[in-house]
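> Using only what follows, build the 3D model:
(one chain, ligands or ions: 1)
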Amino acid sequence: MQSMTTSRQLSTRHLLGIKDLNEDDIQLIFETADNFKDVLNRPIKKVPSLRDITIANVFFENSTRTRLSFELAEKRLSADTINFAASSSSVSKGETLIDTVNNILAMKVDMIVMRHPYPGAGIFLSKHVKAQIVNAGDGAHEHPTQALLDAFSIRERYGDVAGKKVAIIGDILHSRVALSNILCLRQLGAEVMVCGPTTLIPKYISSLGVKVEYNLVNALNWCDVANMLRIQLERQDIAYFPSLREYAMLYGLNKQLLDSLDKEITIMHPGPINRGVEITSDVADSHHSIILDQVENGVAVRMAVLYLLAGTRG
Ligand code: CP
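Here you go, the predicted structure:
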């Protein structure tokens, strides 16, 4: 890759949600991620593109994939990085979100990658602080980089996202991955279905242009790609189904069910997996699964997002 100079720019200086992106933005992110994926497959997996930038990863909620993936993306771009975990910070002494972030910015930080349990936290922050904000998941609202890496992985598998049938299965109600995936896949011309128990599918969902299905077998027979979501017990204040065992019987994907279909489908999962609940080990680890490809692609996609956002600085 050359110095990655491009005259094309994102239409937004923050990435707060897929709502911020138009189709050209998403295609630009994908083309840039293609280049960065080449870099990541070289012996020296690093470019100097962001060596003048400092990024703070500010996580108020647990994460394995997203936090490590952003940190690695930043390091591969030669950015300076600092990491903040709310659990070991002065937030526990009562400091507000804006004060916390302004103190981080006083140390000459340019960009904030933030995960927060409250929907809209990134939008709020972007209105009150000077830095560029990247949403790494805000409550049950959006997880834009997850949707981008999911769509990028579908594009890698099939050559194009347009016209593909994607079923998002499980806890749609509490899932930021579901909303961001729906918005991203619809922008790119995919057909989208959501499937799960009636209690875990929001009533407004069909207004987003998706099909709704309550029967797992029907959804699997319809789709090219099944994106199996985790039951978000940490966001459930009441019981939405009788037991995890019953959920697994009705909505869990196992090898027997997969083999009974008269076609091959691709299995995705954003992680973390609850093996034996939404997906069995023999499916998660089968050749149908692109779960670890999603994780691999996450680094290239996040490099692309950070690189392109840096290019919108005045
Ligand atoms: N997919 C995802 O957001 O995983 P983490 O919670 O581990 O970051």
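
> Now do the helices in the stretch 51-200 of the chain.
Secondary structure of the stretch 51-200 of the chain (DSSP state H, counting those that start in this stretch): helices at 65-76, 97-105, 121-128, 144-158, 176-187.

> Quick one: mean pLDDT for the fourth one?
Rounded to a whole number, the mean pLDDT of helix 144-158 is 98.

> who does that helix touch, helix- and strand-wise?
For helix 144-158, the packing partners by 3 or more C-beta pairs under 8 Å, 6 or more residues apart in numbering; DSSP states H and E come out as helix 23-40, helix 65-76, strand 132-138, helix 176-187, strand 225-228, strand 266-268, helix 291-310. (Each C-beta comes from the backbone N, C-alpha and C, glycine too.)

> Rounded mean pLDDT for the third one, please.
Put plainly, it is strand 132-138. On average, the pLDDT along strand 132-138 is 98.

> cool, the longest one as well?
Rounded to a whole number, the mean pLDDT of helix 291-310 is 98.

> before we move on, back to that, quick one: closest of the helices of the stretch 51-200 of the chain to the ligand.
The closest approach between the ligand and any of the helices of the stretch 51-200 of the chain, judged by C-beta to the nearest ligand atom, belongs to helix 65-76 at 3.2 Å.

> Now that closest one: buried residues?
By 16 or more other C-beta atoms under 10 Å, the buried positions in helix 65-76 come out as 65-67, 69-76.

> ok, and of those, which contact the ligand?
Subset of the buried residues of helix 65-76 in contact with the ligand: 65-66, counting by C-beta under 6 Å from any ligand atom.

> and of the buried residues of helix 65-76, the nearest to Gly94?
Comparing the buried residues of helix 65-76 against Gly94 with C-beta to C-beta places Arg67 closest, at 24.3 Å.

> got a list of what the closest residue to the closest one other than its chain neighbours touches?
Excluding the flanking residues, the one nearest Arg67 by C-beta to C-beta, 6 or more residues apart in numbering is Phe59, at 5.6 Å. Contacts for Phe59 (C-beta atoms under 8 Å, 6 or more residues apart in numbering) come out as 67, 83-86, 114-115, 136.

> Pull out the buried residues from these.
Neighbour counting over the contacts of Phe59 (16+ other C-beta under 10 Å) leaves 67, 84, 86, 114-115, 136 as the buried ones.

> closest to the ligand among the contacts of Phe59?
Of these, the one sitting nearest to the ligand (C-beta to the nearest ligand atom) turns out to be Arg67, at 6.1 Å.

> confidence score at the closest one?
With respect to pLDDT, Arg67 scores 97.

> Can you tell me which residues in the stretch 151-300 of the chain are near the ligand?
Taking C-beta under 6 Å from any ligand atom as the contact definition, the stretch 151-300 of the chain meets the ligand at 270-272.

> okay if I get those residues as CSV plus neighbour count, secondary structure and distance to Ile182?
Output for these, formatted as CSV (neighbours: other C-beta atoms under 10 Å; DSSP: H, G, I helix; E, B strand; the rest coil; distance: C-beta to C-beta, whole Å):
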residue, neighbour count, secondary structure, distance to Ile182
Pro270, 27, coil, 13
Gly271, 17, coil, 19
Pro272, 11, coil, 21
